[in-house]
Each structure stands twice: as C-alpha cells, then as structure tokens.
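K.L.:
From the sequence below, what's the structure:
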Amino acid sequence: IGCSQNKNFSGSLLEVCNKNPCIERRNISCSRTHKCGHPCGGVHNEKVCLPCLDEKCCKEGQNGGDFCNICWVEGLNQAPSIKLKCGHIFHYECVKQKIDKRWASARITFSFMDCPLCGARIEHESLVNELKPLTKLYEDIKVREKKKRAYGGSCFDPRKIFANSRTVRKILNKFYSSI
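P.N.:
Presented below is the predicted three-dimensional model:
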C-alpha cells in the first residue's frame, strides 16, 4: 500500500496538540490507515507504508511498543517511523539526526550511515537527499585510498594523486619545497 500525499488528517492525527514538536511530527506523518483499521505510523509520501506496528497485528519483529533503538526514549508508535531496507524500524527523525550529525570527531568514518542493529548501510526512500552527497563522498574517498595504495601505502605523495589538478599541485609543491 502506498502512502498518500494527502494532508487531510483524520483520526488520531486530528487530535494533536498545538505545540510545535507535535505539529511537526503530524506534518511528516502518513495519513493512511491500514486494512486492519490502525493508522500507519510511517512518514508521508512513502511508496510503501510502514507495516502495522500494533501489538495485535505484529506477528514477528518490532512492534509499536518497542523503543526506538537510536533514541531509547519513545516507542516506535509515538513518532513517525521508517523501516530500513535491512528490515529494522526506527523513528524517522532519529535516523535523520544520526545522518545529519555525521562523524563525531575529526576522524572521518562512515559508520553513522549504518543500521545500529545489523550494520547494513542505511537505505530508505525518504533519506535519499541526505544520503546522496555522503555516499558520493564515501565513494570519492575509496577512489583516493585506492590511488594512495598504488603509490606505496602510507608514504604516498599527494602531488601524484592530484596530478590533474593544477591548483592543488601548485599548493602541494609549494608546501613540499618549504619543508
């Protein structure tokens, strides 16, 4: 079942208080209802709705009463959630914040792009815009690492890797000539 782009809220979405955090959650919530009668707990504009998380409908895996394994503060049914390609479910905003925060130090790693439960790369249609530039950066670094290894591992000369960039080559030549 696809989620509609319709912003005509019904049911429990009409009963949201007027505080900003509640209104923001409502605005990203899917307005569809599952065949079982329970509201979809996913985000709007999804092609495929989040499965019903009501404990009576869940046969296996996570249900709405389970805490989000990123924030550990609220149940999955208390905020719009998404099911990643790996099958794990988290609050949409928690996954988005995890990606937006990126790396925690000067050392660039890409583990923030992995599912906290299984380690698979985070993939979901609602996160494409956030993940696209990071995936490009990751691929670029992989290419540079490959070139680095081709030039002798840790004692490589960046002037060779950036040989096609005149500006970078000039800066690096000036740096190396001064030491």
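
K.L.:
contacts, neighbours, all on C-alpha from now
P.N.:
Noted.

K.L.:
all helices for the protein, in order.
P.N.:
For the chain, the helices defined by DSSP state H occupy 20-28, 92-101, 128-150, 158-161, 166-178.

K.L.:
tell me the average confidence for the fourth one?
P.N.:
This points to helix 158-161. Helix 158-161 shows a mean pLDDT of 54.

K.L.:
Run through this structure and note the low-pLDDT ranges.
P.N.:
1-16, 151-179 (pLDDT under 70).

K.L.:
re the thing from before, could you look over the helices of the chain and pick the most buried one?
P.N.:
Across the helices of the chain, averaging neighbours per residue (mean count of other Cα atoms under 10 Å) puts helix 92-101 on top, at a mean of 17.

K.L.:
so Lys96 touches Leu127, yeah?
P.N.:
Yes - contact criterion Cα atoms under 8 Å: Lys96 and Leu127 qualify, at 7.3 Å.

K.L.:
quick one on the thing from earlier: out of the helices of the chain, the one nearest Ile70 is which?
P.N.:
helix 92-101 (6.3 Å; Cα to Cα).

K.L.:
Centre of the chain to that closest one, how far?
P.N.:
Its chain's C-alpha centre and that of helix 92-101 lie 6 Å apart, by Cα atoms, centre = their mean, to the nearest Å.

K.L.:
Who are the packing partners of that helix?
P.N.:
When contacts are defined as 3 or more Cα pairs under 8 Å, 6 or more residues apart in numbering; DSSP states H and E, helix 92-101 packs onto strand 81-83, helix 128-150.

K.L.:
Need the contact partners of stretch 115-134.
P.N.:
Here stretch 115-134 makes contact (Cα atoms under 8 Å, 6 or more residues apart in numbering) with 46, 69-70, 82-86, 88, 96, 99-100, 113-114.

K.L.:
of these, buried ones?
P.N.:
Buried members of the contacts of stretch 115-134, scored by 16 or more other Cα atoms under 10 Å, are 46, 69-70, 82-84, 88, 99, 113-114.

K.L.:
Serialize those residues to a markdown table and add fields for distance to Leu76.
P.N.:
Formatted as a markdown table, the buried ones among the contacts of stretch 115-134 follow (distance: Cα to Cα, whole Å):
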| residue | distance to Leu76 |
| --- | --- |
| Glu46 | 17 |
| Asn69 | 9 |
| Ile70 | 11 |
| Ile82 | 9 |
| Lys83 | 11 |
| Leu84 | 13 |
| His88 | 11 |
| Ile99 | 19 |
| Met113 | 20 |
| Asp114 | 19 |
